[in-house]
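# here you go, sequence then predicted model.
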Amino acid sequence: MNSLVVCPVCGKNAVGKVGNNQYYCWDCFLEFSIQKSKITVYEVSDDGSLLPYDSNRVSGAINEGSLP
C-alpha cells in the first residue's frame, strides 16, 4: 500500500519521488529525505546541488514571488 507523502514545509501533496526516500515539492521547490523518523529538507541550487534548508531565506523568496 502506498502512503501519500506531503511536503513537511508547505503541507501540500504536489510531491514527486526523486530517489530512495527522497522527494521534491513542486509547490515550494524544496527537496527532502525521510529516514526513519527524521526529515531533512534541502534547497536545490542552480547547479542542482543540495544546500541545507534556510527557512527564513526561502520563505521570504516565496512570499516576494522571487523564486523561479
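Yep, it's here. Only a predicted model underlies this, so the values are computations on that prediction, with no experimental measurement involved.

# ok, how many other residues are close to the closest residue to Tyr53 other than its chain neighbours?
For Tyr53, ignoring the flanking residues on the chain, the nearest one in space by C-beta to C-beta, 6 or more residues apart in numbering is Val41 at 3.9 Å. Glycine gets a C-beta too; all of them are placed from N, C-alpha and C. By other C-beta atoms under 10 Å, 19 other residues sit near Val41.

# tell me which other helices or strands the helix or strand where Val41 lies touches.
Per DSSP states H and E: Val41 is located in strand 38-44. In this structure, strand 38-44 makes packing contacts with strand 30-35, strand 50-52, judged by 3 or more C-beta pairs under 8 Å, 6 or more residues apart in numbering; DSSP states H and E.

# reformat the ones you listed as CSV; add mean pLDDT, mean neighbour count and distance to Tyr23.
Shown next, in CSV, are those (pLDDT from 0 to 100; neighbours: other C-beta atoms under 10 Å; distance: least, C-beta to C-beta, whole Å):
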stretch, mean pLDDT, mean neighbour count, distance to Tyr23
strand 30-35, 93, 17, 6
strand 50-52, 92, 11, 12
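
# nearest to Leu4, out of those?
strand 30-35 (12.9 Å; C-beta to C-beta).

# which residues touch that closest one?
5, 7-9, 18, 21-25, 39-44, 50, 53, 58 (C-beta atoms under 8 Å, 6 or more residues apart in numbering).

# buried among those residues? Make that a PyMOL selection.
Buried subset of these, written as a PyMOL selection, criterion 16 or more other C-beta atoms under 10 Å:
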select buried, resi 7+8+9+22+23+24+25+41+42+43+50+53+58
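
# direction included, what does the strand holding Val41 pair against?
With DSSP bridges as the test, strand 38-44 is paired with strand 30-35 (antiparallel), strand 50-52 (antiparallel).

# now distance to Asn13 too, for these, in TSV please.
TSV is the format used below for those (distance: least, C-beta to C-beta, whole Å):
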stretch	distance to Asn13
strand 30-35	13
strand 50-52	22
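
# quick check: the residue positioned nearest the centre of the chain vs Asn20, distance?
Closest to where the C-alpha atoms of the chain average out (C-alpha atoms, centre = their mean) is Leu30, at 2.6 Å. Noted for Leu30: a distance of 18 Å to Asn20, by C-beta to C-beta, to the nearest Å.
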